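Dropping the sequence and predicted coords here.
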Amino acid sequence: MSLVVLPVILPLFGSGLALLAIRSLVLQRVIALGTNLAALGCAIGLLVAVESDGIQAQTVGAWPAGVGITIVADLAAAMFLLVSLVVIVLVQVFAVGQGSDEGNPRIGQPVYLVLSAGVSLSFLTGDLFNLFVAFEVMLIASYVLLTMRATGKVVRSSMTYVVINILASTLLLSTVGLIYGATGTVNMAELVTRYPELPQATQTALGVLLISVFAIKAALFPFFFWLPDSYPTAPVAVTAVFAGLLTKVGIYTLIRSTTILQLDDARWLLVVAASLTMVVGVIGAIVQSDIKRILSFHIISQVGYMVMGLAIGTVAGLTGAVLYVVHHIPVKTALFLVGGLVEDATGTAQLSRLGGLVRRAPVFAVLFLIPALSLAGVPPFSGFLAKLSVIVAGLEAEEYVMVAASLVASLFTIFSMSKIWAGVFWGTADDPTPALAEAEANEQKLPVHPVTTAATATLVLATLIVPIFGGTVFELAERAALQLLDSSDYIEAVMNS
């Protein structure tokens with residue numbers, strides 16, 4: 001069996017085993033964590049194989065390409081898959097340490113494995129219909145994780161997420177059907193040559209539909225409204241993995257479809273959406289007073305930088321977009337996990353009820369500071385390299401409006417992250433929670449859970465890989481961008497699979 005299919009098959013197989021072990025939560029945890037670790041090992045091997053031997057592809061069941069299900073990995077897909085599985089494993093460890101996977105019935109771990117399979121398939125699928133299937137696998141699992149053990153308030157907040165994604169999935173399936181009707185295929189390698197043969201008006205209309213679907217998935221302006229109300233109400237581990245991965249899957253599919261179908265006529269939509277997303281998202285973050293809501297609005301803003309690189313459309317722009325996704329997945333997840341540590345220790349995520357944690361929980365302060373500086377784009381952290389890449393690409397392409405929007409958003413990002421630092425770690429609370437008030441009165445440290453803190457610390461350390469090995473990561477991102485813009489190797493790998 002080819003290495004490229006294992007990150008999809010292993011989690012599905014592990015999910016079945018975990019369901020059989022439903023009477024033992026410990027055994028479920030062992031199966032689920034072992035399965036995701038095995039998938040992570042496969043992702044490492046896959047990246048090495050793609051880097052050394054070229055694009056890897058396999059058509060399931062030995063059917064010819066265009067008829068069978070094609071699984072394919074180029075450098076962009078392999079890089080995103082590896083980073084995503086690192087996050088999936090560490091959030092899983094966090095959830096086990098926190099006990100948030102407990103419950104009756106014990107379906108948390110099996111469903112989490114299904115989510116892992118959906119994310120992997122989204123990155124690795126080689127045709128549009130199975131991209132729709134991957135989204136559905138991922139989204140059905142996310143619906144369960146959002147509402148499992150949820151209160152009425154959480155269920156109501158989640159309904160927006162569910163309804164919007166159902167509508168987006170319906171639109172995606174309809175668009176895929178229209179593309180198949182127009183071209184006779186949904187295989188991405190075949191679409192490279194068949195799609196440009198369509199009349200220009202048809203190309204533009206289908207391109208706008210496809211971009212709109214993936215813009216909803218990625219929470220681009222003006223389709224971002226579902227995210228800030230859905231994510232903060234979910235359990236911390238669920239919110240963290242959603243924040244790190246789900247919108248980035250939308251960005252990946254936007255990158256893949258835009259480059260495969262050569263949607264140049266619709267690129268102006270991306271320019272407008274990127275500029276507005278960066279600014280509107282960060283303005284939304286500034287006016288919030290809850291850690292998770294501030295970070296949720298930052299997801300929206302940072303997505304704008306990724307789309308900025310795609311909208312530029314050059315090798316430099318796409319290099320910046322790939323680099324930004326690789327940087328953002330672990331950084332954003334780490335910030336949400338730190339927010340979870342704070343909430344577990346104090347009982348709240350409200351800034352007005354927090355303060356002075358740099359004295360009462362200095363380890364939380366360190367774990368927050370590193371990814372916060374990275375998100376703000378402060379050198380030498382990963383966010384600086386990613387942000388500098390897209391800004392330089394924008395200047396080279398003379399996209400001055402987007403560059404100006406990105407610089408304004410960067411300044412506001414620094415301000416909003418400083419707001420969290422000042423409210424949570426500095427000063428004193430206006431209305432401290434009982435746990436914080438007791439720690440302050442007795443001049444004691446807040447309790448630190450070893451497993452959840454270790455998982456968060458490991459992810460924070462992982463964010464330092466990009467600045468430490470910046471040259472290597474940038475070179476991989478640049479090669480990934482070249483592969484995305486020149487589909488000849490992709491087509492050859494798929495057709496010979």
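Structure's in. What do you need? Quantities reported herein were computed from a predicted structural model and do not represent experimental measurements.

Wait, A189 touches V494, no?
Yes: between A189 and V494 there is a contact under CB atoms under 8 Å: 3.8 Å. The C-beta positions use only the backbone N, C-alpha and C, and glycine is treated the same way.

where do the contact lists of those two overlap?
A65, T70, V72, G126 (CB atoms under 8 Å, 6 or more residues apart in numbering).

From those, pick the one nearest V315.
Distance to V315, by CB to CB, is smallest for V72 among the shared contacts of A189 and V494, at 21.1 Å.

helix or strand for that closest one, which one?
V72 is part of strand 70-73, with elements assigned from DSSP states H and E.

How much space separates the residue nearest the centre of the chain from S142?
With distances taken as CA atoms, centre = their mean, the residue of the chain nearest its centroid is L245 (2.3 Å). Distance of L245 to S142, computed by CB to CB, to the nearest Å: 10 Å.

just F129 next, same as before
Counting by CB to CB, the gap from F129 to S142 is 20 Å.

before we move on, what about T428?
T428 sits 38 Å away from S142, taking CB to CB as the criterion.

still on that earlier bit, give me the three-state assignment for the residue nearest to the centre of the chain.
Here L245 is recorded as helix under DSSP: H, G, I helix; E, B strand; the rest coil.

correct me, but it touches V87?
Yes: using CB under 8 Å, L245 is in contact with V87, at 6.5 Å.

what's the overlap in contacts for the two?
With CB under 8 Å, 6+ apart as the test, L245 and V87 both reach I329, T333.

out of the shared contacts of A189 and V494, what pair is the most spread apart?
Farthest-apart pair in the shared contacts of A189 and V494 is A65 and V72; separation 9.5 Å (CB to CB).

neighbour count winner among the two?
Neighbours were counted for A65 and for V72 using other CB atoms under 10 Å; V72 has more, 25 against 21.

Check what pLDDT the more buried one gets.
Among the per-residue scores, V72 shows a pLDDT of 94.

residues contacting it?
4, 55-58, 124-126, 189, 490, 493-494, 497.

could you redo the last one with a cut-off of 7 Å?
By CB atoms under 7 Å, 6 or more residues apart in numbering, the contact set of V72 is V4, I55, Q56, A57, L124, G126, A493, V494.

what's the neighbour count on the last one?
Around V494 there are 25 other residues, counting by other CB under 10 Å.

All the strands of the protein, in order from the start?
Ranges of strands in the chain, per DSSP state E, are 56-59, 70-73.

Let me have these in TSV, extended by distance to R156.
Listed next are the strands of the chain as TSV, based on distance: least, CB to CB, whole Å:
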stretch	distance to R156
strand 56-59	43
strand 70-73	38
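
which of T428 and S142 has more neighbours?
Using other CB under 10 Å as the criterion, T428 and S142 rank with S142 on top: 26 against 11.

so where do the helices sit in the stretch 1-150 of the chain?
Taking DSSP state H, counting those that start in this stretch to define them, one finds helices in the stretch 1-150 of the chain at 6-20, 25-53, 75-98, 108-124, 128-147.

Next, the angle helix 128-147 makes with the fourth one.
Relative orientation of helix 108-124 with respect to helix 128-147: 150 degrees, computed using axes from the mean of the first three to the mean of the last three CA atoms, to 10 degrees.

can you tell me the average pLDDT over helix 108-124?
The average pLDDT for helix 108-124 rounds to 94.

quick one: contacts of that helix?
With CB under 7 Å, 6+ apart, helix 108-124 has contacts from 4, 7-8, 11-12, 14-15, 18-19, 28-29, 32, 35-36, 39, 71-73, 77, 80-81, 84, 88, 92, 101, 131, 134-135, 137-138, 141-142, 144-145, 148, 245, 249, 252-253.

next one: that helix to chain centre, how far?
13 Å (CA atoms, centre = their mean, to the nearest Å).

Check the first one too.
The chain centroid and the centroid of helix 6-20 are separated by 22 Å under CA atoms, centre = their mean.

what packs against it?
helix 25-53, helix 108-124 (3 or more CB pairs under 7 Å, 6 or more residues apart in numbering; DSSP states H and E).

Let's test this: mean pLDDT of the first one, rounded?
Pointing back at helix 25-53 there. The average pLDDT for helix 25-53 rounds to 94.

Report the buried residues of it.
Within helix 25-53, the residues that qualify as buried are 25, 28-29, 31-33, 35-36, 38-40, 42-43, 45-47, 49-50, counting by 16 or more other CB atoms under 10 Å.

Next, the buried residues of stretch 156-164.
S157, S158, Y161, V162, I164.

Mind checking which of those are in helices?
Judged by DSSP state H, helices contain the following of the buried residues of stretch 156-164: S157, S158, Y161, V162, I164.

now these as CSV including distance to S406 and pLDDT?
Output for those, formatted as CSV (distance: CB to CB, whole Å; pLDDT from 0 to 100):
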residue, distance to S406, pLDDT
S157, 30, 68
S158, 32, 74
Y161, 28, 82
V162, 32, 83
I164, 27, 88
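
What segments of the stretch 251-400 of the chain are helices?
Using DSSP H, counting those that start in this stretch, the helices of the stretch 251-400 of the chain run over 267-286, 291-312, 315-346, 357-360, 362-376, 382-396, 400-420.

Lowest average pLDDT across those?
Mean pLDDT is lowest for helix 357-360 among those, at a mean of 88.

That helix packs against which elements?
For helix 357-360, the packing partners by 3+ CB pairs under 7 Å, 6+ apart are helix 362-376.

dump the residue contacts of L270.
V307, L310, A311.

Now it: closest residue in space that isn't a chain neighbour?
A311 (3.7 Å; CB to CB, 6 or more residues apart in numbering).

can you count the residues close to the one you found?
25.

and it, how far is that from V133?
Distance, A311 to V133, using CB to CB: 28 Å.

quick one, what contacts T35?
Residues counted as contacts of T35 (CB under 7 Å, 6+ apart) are L10, P11, G14, L113.

closest to V451 among those?
Lowest distance from V451 to the contacts of T35 (CB to CB) belongs to L113, with 19.8 Å.

what about the closest one, how many neighbours?
If you count neighbours by other CB under 10 Å, L113 ends up with 30.

How about the contacts made by the closest residue to it other than its chain neighbours?
Leaving aside its sequence neighbours, L113 sits nearest to S15 (CB to CB, 6+ apart; 3.9 Å). The contact partners of S15, taken as CB under 7 Å, 6+ apart, are P110, L113, V114.

how near is the last one to R106?
Applying CB to CB, one obtains 14 Å for the distance of V114 from R106.

do the same with the second one
Taken as CB to CB, the spacing of L113 relative to R106 amounts to 13 Å.
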